[in-house]
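>>> I would like to see how this sequence folds:
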Amino acid sequence: MKAGQELYQIDPAPFQAALDNAKAALGRAEANLPATQSRVDRYRKALADKAVSQQDFDDADAALKQVQADVQYYKATLETARINLNYAHVVSPISGRIGTSTVTDGAIVTAYQPMALATIQQLDPIYVDVPQSTTELLRLQRRLEEGRINNEGTNANQVQLMLGDNTTYALEGTLQFRDVSVDPTTASVILRMVFPNPKGVLLPGMFVRAVVKEGVNAQAMLIPQQAVSRDPKGNPVALIVDAAGKVEQRTLSLDRAMGDQWLVISGLAPGDRLIAEGMQKVRPGATVKTVPFQDGRKPEVKPGNPVQPASTSK
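Now for the predicted structure:
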């Protein structure tokens, strides 16, 4: 469906009649205009010679103004009739995909009726509305104020979609705006995003999950969740191996979980050797020998590349 394509035809007979009537009335008013204008011009010359009275000239001038006003009135009436006649042709206001028609040939329709004749959905580009909790919004604002993330960059406000079958939509979208009103029933605001949709994969009403790149932490540090435990007070702690090969306990400050990893705010420094396995066998102060951590993830399989078995430490 293209913008401007005709969808329905309403009986144009009454609108055409109104248009013809307006044309005739305008023609009658324009026909009287030259004669009335000539009479005023003659009376103006005669008034200078005292051949007509001032009252006769005023009456002729008023008649001219009346005819000029009639011409303008019937021009507006003609334009209104032309607009109403165009309304008899119902065209698509936008390009998109049209749904099922709610009327058939011969059905009665009225102006401003509550039931739409048909619904047209714009599919490319397509808008996606996603709720964001106010709790997460406040956390984001706090991270920005504290300088933990930076929202200035070429990748800011880029969005990825996860479809219902847990696959990632191939094309990235852009965050357009965040609504300023909070829904009191869900304590959330709406994020409006726009995505290119040339193949029509995204459909209106589809449930998706969005990953919004609202900021970047260039110094972010992610650690496996299994490497973090809790002390008796519930504080997150981790074990590291210092330069002398001894185990040391660190109290961490965590931001949030990202998949199977924790985003660390403080407690670790670049270069620290974190113990991810075997924590139950060591204690702070013990001397240990470290081996590279194997996270057990399956290697990515690409066309033409055979899968190699993952190495294990003994």
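>>> any idea how far the helix or strand where residue 131 lies is from the chain center?
Residue 131 belongs to strand 126-133 when assigned by DSSP states H and E. Distance, stretch centre to chain centre, for strand 126-133: 8 Å (CA atoms, centre = their mean, to the nearest Å).
>>> run through the helices of the stretch 1-150 of the chain in chain order.
For the stretch 1-150 of the chain, the helices defined by DSSP state H, counting those that start in this stretch cover 13-48, 54-86, 134-146.
>>> what angle separates the second one from helix 13-48?
Our comparison of helix 54-86 with helix 13-48, counting by axes from the mean of the first three to the mean of the last three CA atoms, to 10 degrees, yields an angle of 160 degrees.
>>> also the shortest one?
Calculated by the same axes, to 10 degrees, helix 134-146 forms an angle of 50 degrees with helix 13-48.
>>> now helix 134-146, how far from the centre of its chain.
Distance, centroid of helix 134-146 to centroid of chain: 22 Å (CA atoms, centre = their mean).
>>> tell me what angle it forms with strand 126-133.
Going by the same axes, to 10 degrees, helix 134-146 makes 90 degrees with strand 126-133.
>>> what about the helix or strand following helix 134-146, average pLDDT?
Where DSSP H and E defines the elements, the next helix or strand beyond helix 134-146 is strand 158-162. Per-residue pLDDT over strand 158-162 has a mean of 86.
>>> so for stretch 238-253, mean pLDDT?
88.
>>> for it, buried residues please.
238-241, 247-248, 250, 252 (16 or more other CB atoms under 10 Å). Where you see a C-beta, it was placed from the backbone N, CA and C, and this is true even at glycine.
>>> likewise stretch 67-82?
For stretch 67-82, by 16+ other CB under 10 Å, it's 67, 70-71, 74, 77-78, 81.
>>> same question for stretch 90-102.
Neighbour counts using 16+ other CB under 10 Å place 92, 96 of stretch 90-102 among the buried residues.
>>> ok, and what's touching that stretch?
The contact list for stretch 90-102 (CB atoms under 8 Å, 6 or more residues apart in numbering) reads 1-10, 115-123, 200.
>>> what's the local residue count around residue 56?
14 (other CB atoms under 10 Å).
>>> for the closest residue to residue 2 other than its chain neighbours, give its distance to residue 119.
The shortest distance from residue 2 to any non-neighbouring residue, by CB to CB, 6 or more residues apart in numbering, is to residue 95 (5.2 Å). Counting by CB to CB, to the nearest Å, the separation of residue 95 from residue 119 is 14 Å.
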